[in-house]
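> Quick check, what structure comes out for this input:
(chains A and B)
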Amino acid sequence: GNSVTQMEGPVTLSEEAFLTINCTYTATGYPSLFWYVQYPGEGLQLLLKATKADDKGSNKGFEATYRKETTSFHLEKGSVQVSDSAVYFCALSDYGGATNKLIFGTGTLLAVQP
Amino acid sequence: GAVVSQHPSWVICKSGTSVKIECRSLDFQATTMFWYRQFPKQSLMLMATSNEGSKATYEQGVEKDKFLINHASLTLSTLTVTSAHPEDSSFYICSAVPGAPGVNTEAFFGQGTRLTVV
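Numbering: from 1, shown residues only, chains lettered A, B, ... in the order given. The predicted model follows:
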């Protein structure tokens, strides 16, 4: 069946460091891919998405490119801030761009230190 | 953006008791809501799809008699863990879809409920 694997955390970085959180997937067909972020005490929020191969999703300085050849959707940010500290979830969906039924990774805790 | 409120944020209960978790869409109506759970070190897994005015649809391996879902209104779905046991201790989170689900609709998530059964 479909699955998502993302790197285990926690990831601890200093402010302004470069961030990469790896995410790979296994799926039949052509899934859509998502990154969600959960700040402390809040719900999961959609950070970015890509619905087909080679698409790049971007938001708030974060980027991820849908790589079909490597079945990956790694999250990157050039310069992290303390406010980026959160848990990040990679996810896929078989339902086009919809986020109705999602298959998630385990989540990666990012801690950014001043 | 749309807001989904989940209550309680955390709960501790004794083994054998039942626990109810509420999921409310505060500023939109949701025909469909989803319930997920996450065991330690594992992925968030979809448990069931909650449909307003009809029976929930459960994913394979989820006991429908243990995890009772009620979606009696367009803004509220409840998940009741009946006769809870320590192995039910988990993080439960809901999501809600404004209007009818479609190819490009976005679901909005609650903040989750940490259940600990002692």
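> Contacts only, for B:Glu52.
Contacts for B:Glu52 were tallied using CB atoms under 8 Å, 6 or more residues apart in numbering or on different chains; they are B:30-32, B:71-74. Just so you know, the C-beta spots here come from the backbone N, C-alpha and C atoms, and that holds for glycine as well.
> gap between it and A:Gln38?
As judged by CB to CB, to the nearest Å, B:Glu52 and A:Gln38 stand 26 Å apart.
> And A:Ala17, by the same measure?
Per CB to CB, A:Ala17 is found 21 Å from A:Gln38.
> Of the two, which one has the most company?
More crowded of A:Ala17 and A:Gln38, by other CB atoms under 10 Å in any protein chain shown: A:Gln38, with 20 against 14.
> tell me which residues form a beta bridge with the more buried one?
Beta bridges link A:Gln38 to A:Val87 when assigned by DSSP bridges.
> pretty sure it contacts A:Phe89?
Yes. The pair A:Gln38 / A:Phe89 is scored as a contact, 7.0 Å apart, by CB atoms under 8 Å.
> what sits in contact with each of these two?
Common neighbours of A:Gln38 and A:Phe89 (criterion: CB under 8 Å, 6+ apart): A:44, A:107.
> for B:Thr31, helix, strand, or coil?
strand (DSSP: H, G, I helix; E, B strand; the rest coil).
> Roughly how far does it sit from chain A?
According to CB to the nearest CB, to the nearest Å, B:Thr31 and chain A sit 11 Å apart.
> how about the strands in the chain?
With no chain named, the answer covers chain A. If DSSP state E is used as the criterion, the strands of chain A fall at A:3-6, A:11-14, A:19-21, A:23-26, A:32-38, A:45-50, A:56-59, A:62-65, A:75-77, A:86-93, A:103-104, A:108-113.
> hmm, I had chain B in mind actually
Assigned by DSSP E, chain B shows strands spanning B:4-7, B:10-13, B:19-25, B:30-38, B:44-51, B:57-58, B:67-73, B:76-81, B:90-98, B:108-109, B:113-117.
> can you list the weak-confidence ranges in the chain?
Going with chain A. Under the criterion pLDDT under 70, the flagged ranges of chain A are A:95-99.
> Chain B was what I was after
The model of chain B has pLDDT under 70 over residues B:1, B:100-104.
> Grab the most central residue of it for me.
B:Trp35 (3.4 Å; CA atoms, centre = their mean).
> what's the nearest residue to that residue once chain neighbours are set aside in contact with, if anything?
Closest residue in space to B:Trp35, ignoring its immediate chain neighbours: B:Met47 at 4.6 Å, by CB to CB, 6 or more residues apart in numbering or on different chains. By CB under 8 Å, 6+ apart, the contact list for B:Met47 reads B:35-37, B:58-59, B:62, B:67, B:79, B:92.
> who in chain A is up against chain B?
Taking CB under 8 Å from any CB of the partner chain as the contact definition, chain A meets chain B at A:3-4, A:36, A:38, A:41-46, A:89, A:91, A:95-107.
> just the buried members of these?
Buried subset of the residues of chain A next to chain B (neighbour count, 16 or more other CB atoms under 10 Å in any protein chain shown): A:4, A:36, A:38, A:43-44, A:46, A:89, A:91, A:95, A:97-107.
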